[in-house]
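Visitor: I would like to see how this sequence folds:
(chains A and B)
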2 protein chains.
Amino acid sequence: MSVTHPAGFTAAGIPIGLKSTGAKDLALVVNNGPSKASASVFTANRCIANPVIWSKEVVKDGKVEAVVLNSGGANCYTGPEGFATTHAVAEAVADGLGVAAGDVVVCSTGLIGLTNSREQVLDGVRAIVPQISADGGDDAAHAIMTTDSVSKQVVVQRGEGADGWSIGGMAKGAGMLAPQLATMLVVLTTDADVDAATLDTALRAATRVSFDRLDSDGCMSTNDTVTLMASGASGVAPSAADFTAALTEVCTDLALQLLADAEGADHEIAITTRGAASEDDAVEVGRSVARSALFKTAVFGKDPNWGRVLASIGTTSAAFDPLDLDVAVNDVWVCRSSTPDADPAEVDLEPRKVTVTIDLKSGEHEATVWTNDLTHAYVHENSAYSS
Amino acid sequence: MSVTHPAGFTAAGIPIGLKSTGAKDLALVVNNGPSKASASVFTANRCIANPVIWSKEVVKDGKVEAVVLNSGGANCYTGPEGFATTHAVAEAVADGLGVAAGDVVVCSTGLIGLTNSREQVLDGVRAIVPQISADGGDDAAHAIMTTDSVSKQVVVQRGEGADGWSIGGMAKGAGMLAPQLATMLVVLTTDADVDAATLDTALRAATRVSFDRLDSDGCMSTNDTVTLMASGASGVAPSAADFTAALTEVCTDLALQLLADAEGADHEIAITTRGAASEDDAVEVGRSVARSALFKTAVFGKDPNWGRVLASIGTTSAAFDPLDLDVAVNDVWVCRSSTPDADPAEVDLEPRKVTVTIDLKSGEHEATVWTNDLTHAYVHENSAYSS
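Guide: Predicted coordinates for the structure are as follows:
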């Protein structure tokens, strides 16, 4: 159900022939109100796709009626013709729904530089509008998949009956999970009654500690978009704190689903840096380890190589004493005060989930960054799949 | 010959049992003067090995008598005992040569966290000192190899007879070739008569455009050391410009030898960024592409994926118009003005050497950064080899 679990939303997902496999490749999520409040965040990449150029303008007034998403082509670096296609798609959705094109967010994912047939996409839009329904969330979540092996969906429910409200979400992305946002399209819906400004603050707070801390391969996509729409249909207006907490739960759940399905990964690695002088220090240290090709291949090889962790920490500007660092892998403290401690043979790296704990002994702050190991399968998928 | 080609240098390389294979693992290079001028650069990593802690102090006065190097153990994060071993090694070399321990640079390479037997290393030092000779350069170059498949040596000769002078060099390093310096030990020798201050300026200029622009896997070692010693034995004092040019030739040659032997690489990739507003912009753009796991796997898969090049450029702070970038692979301009141009099928990625040319169209500056592709063999070697 995901995005159609909250009251006030309809959705659909259908195949329109963009994917050569015949799988679903066009999704539409519509906010039926009464409120049309919205907030969005986009990739921090300066090279952005046509749908992102368009959607950044759409979301500025805090009002969004619908999000239309296609897989099978990123519409990135396709020139003015590609932008015209994005614009035409928004117009076609608007015509079908009786809303303004300037309130329709467009998302695309797939190959960069590939131009989809405009008529094919517009035919698809005309076909999907009549099919939206209150149980279309699952179809929509499947239609945005690319190399994803499973759809990513989540619902968080707060309260029941007249006091109840919920947030639903769907995501796609299994590679290029990156510094600021993953290659990632995310649609979040809620029937809580929350204004656009509060949605914006909550969304930035929630993505900062979830999607932003997912760094599968250090690469940053040109198309990342996260759009949150609030229908207000529950009639419940939670506090900003309660709403932010629920939204953070939704975003973290989806982020971990993305991590679990990252292309070709054998391990999901949670790197927690504690004893940091600031949260920024903790994130910088965690990210440096998450980007170490040497550490990531070591984990693939089931080698708790703490030397490669220290070598990564040393590249950061965080506050620490290089001669007084502790490192644990799966809670075995293989390095204490920057010297060998527990026998690395005690670390069991057979399980898929791995924790790395770094103690900088320089403060009270802590943060967790998530990444994957670097495997033969990653190399295979990314050398064979052109994106 | 390499480091013993210039007059005034002797060297040796012998097996002392640190490597389980029985291969040579201890090297010594001695400057017999008359000058003992020297300059060094070290890893920018803040987590540094005991030999680097020691050697940074040794080189401060611009005078170095000898460099002793071992493979088979990095002596990094081995605690006070490890530092005492480094110190004892320098004392033993000094005793053998009749010089001051404070003028002996020590370098180690191999596993982090591994403590070599101090007696074993000291026995080795006592064994190697009597074996130094004017033709020991080749043995020394072999003794510093770790996962290197070939030794790296170079000689640049300027002039002949009484007007002649030369620079010789040896290097090791086949992985962790990194942002500032590679996991790399380099000894450079010259019989030119050049003072320490001029050596320092020349060395920084030469490494800035050679080793510093080699970025095989984005990782930075804890042990990198480059030491240049000048004996003055030729009696020739070249201009600073001539010396710097020759030294840059030596460093670039060694850097490209390291690139060619990088662990598990199928391709050597030269990324040239032109039309940059500054040299720093050009280097930042080149490095961003050199660090894109997605682009590097695409090259392995013989896919000239310019979309992944643009996605990397977009993560930088360089000056450019995202809608007006040109990209060529092997001189085929597959992307012009940020849209598809020449057919990617025209790009032949069978040969080992690959060029990527990026035109930012924002200025007159240019720089080249070198990297390798990301292959199954890289994952295999780095998951199986613990360092």
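
Visitor: Not counting sequence-adjacent ones, nearest residue to the single nearest residue of the stretch 101-250 of chain A relative to chain B?
Guide: For the stretch 101-250 of chain A and chain B, the shortest gap (C-beta to the nearest C-beta) falls at A:Ile112, measuring 2.8 Å. In short, each C-beta sits where N, CA and C put it, glycine included. Nearest residue to A:Ile112 in three dimensions, chain neighbours excluded: B:Gly307, at 2.8 Å (C-beta to C-beta, 6 or more residues apart in numbering or on different chains).

Visitor: OK, contacts around that neighbour?
Guide: A:Ala74, A:Cys76, A:Tyr77, A:Leu111, A:Ile112, A:Gly113, A:Thr222, A:Ser387 (C-beta atoms under 8 Å, 6 or more residues apart in numbering or on different chains).

Visitor: Could you list the low-pLDDT ranges of chain A?
Guide: Applying pLDDT under 70 to chain A picks out residues A:1, A:174-183, A:384-387.

Visitor: Strands - which of the contacts of B:Gly307 land there?
Guide: Nothing among the contacts of B:Gly307 maps onto strands, per DSSP state E.

Visitor: Save those residues as JSON lines, and put in neighbour count too.
Guide: Listed next are the contacts of B:Gly307 as JSON lines, based on neighbours: other C-beta atoms under 10 Å in any protein chain shown:
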{"residue": "A:Ala74", "neighbour count": "30"}
{"residue": "A:Cys76", "neighbour count": "29"}
{"residue": "A:Tyr77", "neighbour count": "28"}
{"residue": "A:Leu111", "neighbour count": "18"}
{"residue": "A:Ile112", "neighbour count": "26"}
{"residue": "A:Gly113", "neighbour count": "25"}
{"residue": "A:Thr222", "neighbour count": "28"}
{"residue": "A:Ser387", "neighbour count": "24"}
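
Visitor: what two of those are the furthest from one another?
Guide: For those, the maximum inter-member distance is 12.3 Å, found between A:Tyr77 and A:Ser387 (C-beta to C-beta).

Visitor: In chain A, mark out all the helices, start to finish.
Guide: A:50-58, A:79-97, A:118-128, A:137-143, A:196-208, A:240-260, A:279-290, A:293-300, A:306-313, A:376-384 (DSSP state H).

Visitor: how near is the residue nearest to A:Ile112 to A:Pro344?
Guide: According to C-beta to C-beta, to the nearest Å, B:Gly307 stands 40 Å off from A:Pro344.

Visitor: swap in A:Asp138?
Guide: For A:Asp138, the distance to A:Pro344 equals 44 Å [C-beta to C-beta].

Visitor: Repeat that for A:Leu188.
Guide: Relative to A:Pro344, and taking C-beta to C-beta, A:Leu188 is found at 42 Å.

Visitor: more neighbours, those two?
Guide: A:Leu188 (30 against 18; other C-beta atoms under 10 Å in any protein chain shown).

Visitor: nearest residue to A:Leu256 other than its sequence neighbours?
Guide: Per C-beta to C-beta, 6+ apart, closest to A:Leu256 is A:Trp370, 7.2 Å.

Visitor: tell me, how many neighbours does that neighbour end up with?
Guide: 24.

Visitor: And for the one 10 residues further on?
Guide: Here the count is done by other C-beta under 10 Å, and A:His380 has 17 residues near it.

Visitor: again with A:Leu122
Guide: 17.

Visitor: dump the residue contacts of the closest residue to it other than its chain neighbours.
Guide: Distances taken as C-beta to C-beta, 6+ apart place A:Ala92 nearest to A:Leu122, at 5.1 Å, with adjacent residues excluded. A:Ala92 makes contacts with A:Leu122, A:Val125, A:Arg126, as judged by C-beta under 8 Å, 6+ apart.

Visitor: What's the separation between A:Ala92 and A:Thr78?
Guide: Noted for A:Ala92: a distance of 18 Å to A:Thr78, by C-beta to C-beta.

Visitor: what does A:Val285 give?
Guide: Distance check for A:Val285 against A:Thr78: by C-beta to C-beta, it reads 39 Å.

Visitor: and what of A:Thr227?
Guide: Counting by C-beta to C-beta, the gap from A:Thr227 to A:Thr78 is 22 Å.

Visitor: chain center to stretch A:224-234: distance?
Guide: 15 Å (C-alpha atoms, centre = their mean, to the nearest Å).

Visitor: Get me the contact residues on the stretch 201-350 of chain A for chain B.
Guide: Residues of the stretch 201-350 of chain A lying near chain B by C-beta under 8 Å from any C-beta of the partner chain: A:217-222, A:291-294, A:297-298, A:300-301, A:303, A:305-308, A:310-316, A:322, A:325, A:335, A:337-340.

Visitor: Quick one, which of those are buried?
Guide: A:217-222, A:291-294, A:297-298, A:300-301, A:303, A:305-308, A:310-316, A:322, A:325, A:335, A:338-340 (16 or more other C-beta atoms under 10 Å in any protein chain shown).

Visitor: shared neighbours, A:Tyr77 and A:Ser387?
Guide: A:Ile112, B:Gly307.

Visitor: Among A:Val285 and A:Thr78, which residue is more densely surrounded?
Guide: Shown here are A:Val285 and A:Thr78; by other C-beta under 10 Å, A:Val285 has more neighbours (28 against 24).

Visitor: list the contacts for the more buried one?
Guide: A:Thr273, A:Ala276, A:Ser312, A:Ile313, A:Thr316, A:Ala318, A:Phe320, A:Ile358, A:Leu360.

Visitor: Excluding chain neighbours, what is closest to it?
Guide: A:Thr273 is the one closest to A:Val285 (C-beta to C-beta, 6+ apart), at 4.5 Å.

Visitor: Tell me, how many residues neighbour the one you found?
Guide: Neighbours around A:Thr273, by other C-beta under 10 Å: 29.

Visitor: wait, it sits on A:Glu366?
Guide: Yes - between A:Thr273 and A:Glu366 there is a contact under C-beta atoms under 8 Å: 6.7 Å.

Visitor: contacting residues for A:Phe42?
Guide: Contacts of A:Phe42 (C-beta under 8 Å, 6+ apart): A:Ile48, A:Val52, A:Ser55, A:Lys56, A:Leu181, A:Asp224, A:Thr225, A:Val226.

Visitor: Identify the residue nearest the last one in space, chain neighbours excluded?
Guide: It stands for A:Val226. A:Val186 (4.2 Å).

Visitor: what's across from the one you found in the sheet?
Guide: A:Val186 has these beta-bridge partners by DSSP bridges: A:Ala171, A:Val226.

Visitor: Quick check: it vs A:Phe295, distance?
Guide: In terms of C-beta to C-beta, A:Val186 sits 28 Å off from A:Phe295.

Visitor: So what's the residue count around A:Ser20?
Guide: 8.

Visitor: Pull the contacting residues for it.
Guide: By C-beta under 8 Å, 6+ apart, A:Ser20 has no neighbours at all.

Visitor: A:Cys107 is in contact with A:Ala74, correct?
Guide: No - the criterion here is C-beta under 8 Å, and A:Ala74 misses it with A:Cys107 at 9.7 Å.

Visitor: Spell out which residues are contacts of both of the two.
Guide: Contact criterion C-beta under 8 Å, 6+ apart; residues shared by A:Ala74 and A:Cys107: A:Asn223.

Visitor: I'd assumed B:Tyr378 was in contact with A:Phe300.
Guide: No - assessed by C-beta under 8 Å, A:Phe300 is found out of contact with B:Tyr378, at 11.2 Å.

Visitor: on that earlier part again, ok, the residue of the stretch 101-250 of chain A closest to chain B - contacts?
Guide: Contacts of A:Ile112 by C-beta under 8 Å, 6+ apart are A:Ala49, A:Ala74, A:Cys76, A:Tyr77, A:Thr222, A:Ser387, B:Gly307, B:Arg308, B:Leu310, B:Ala311.

Visitor: Next one: A:Ala328 from A:Pro340, what distance?
Guide: Taken as C-beta to C-beta, the span from A:Ala328 to A:Pro340 is 13 Å.

Visitor: go on, A:Leu111?
Guide: For A:Leu111 relative to A:Pro340 (C-beta to C-beta), the value is 47 Å.

Visitor: Same check on A:Ala90?
Guide: 59 Å.
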